[in-house]
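J.: quick one: sequence and predicted model below, then my questions.
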Amino acid sequence: MEKIGEIIKIGRVRKGLSQEELGKKLGISKNSISAWETGAKSPSCPMLFKVADILDLVPDLFPGYIKEEDAFFKIHARLNQVEKKLGITFSEE
């Protein structure tokens, strides 16, 4: 099983993004991205879903990382993936 940081780095490189570019998309510093990729720190669950969305990664690549109480974020990430694929936006009403 690959570590979270390795998966993030592979996804980032595959998308042709620098650490700085990914950080800007997430609203964080490139130092945070570097810390994740080296394993010094781990992203929060909500941030992990943002990363997965930007890098077109399936959240299921991170088994054991997502706790049951984070189920909302998993559902939200899936909806974002569907929206992206279909080019639609679900209403929050």
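T.: Good, I have the coordinates.
J.: now the residue positioned nearest the centre of the chain: which helix or strand?
T.: In the chain, the residue lying closest to the centroid (C-alpha atoms, centre = their mean) is V51, at 2.0 Å. Taking DSSP states H and E as the definition, V51 sits inside helix 45-54.
J.: what comes up buried for that helix?
T.: For helix 45-54, the neighbour count (16 or more other C-beta atoms under 10 Å) marks 45, 47-54 as buried. To be clear about C-beta, it is placed using only N, CA and C from the backbone, and glycine gets the same treatment.
J.: repeat that for stretch 33-44.
T.: Result for stretch 33-44 [16+ other C-beta under 10 Å]: buried residues 33-37, 42-43.
J.: among those, which lie within helices?
T.: 33-37 (DSSP state H).
J.: and the closest residue to P43 other than its chain neighbours, what pLDDT?
T.: Leaving aside its sequence neighbours, P43 sits nearest to W36 (C-beta to C-beta, 6 or more residues apart in numbering; 5.6 Å). Note for W36: predicted pLDDT of 93.
J.: ok, W36 - contacts?
T.: Residues near W36 by C-beta atoms under 8 Å, 6 or more residues apart in numbering: 4-5, 8, 42-43.
J.: what strand or helix carries E20?
T.: With DSSP H and E as the test, E20 turns up in helix 19-26.
J.: buried ones in that helix?
T.: For helix 19-26, using 16+ other C-beta under 10 Å, the buried residues are 19, 22-23.
J.: could you dump those residues into TSV with pLDDT added?
T.: Shown next, in TSV, are the buried residues of helix 19-26 (pLDDT from 0 to 100):
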residue	pLDDT
Q19	97
L22	97
G23	97
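J.: could you dump the residues you listed to CSV with distance to I88?
T.: Below are the buried residues of helix 19-26 laid out as CSV (distance: C-beta to C-beta, whole Å):
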residue, distance to I88
Q19, 31
L22, 26
G23, 28
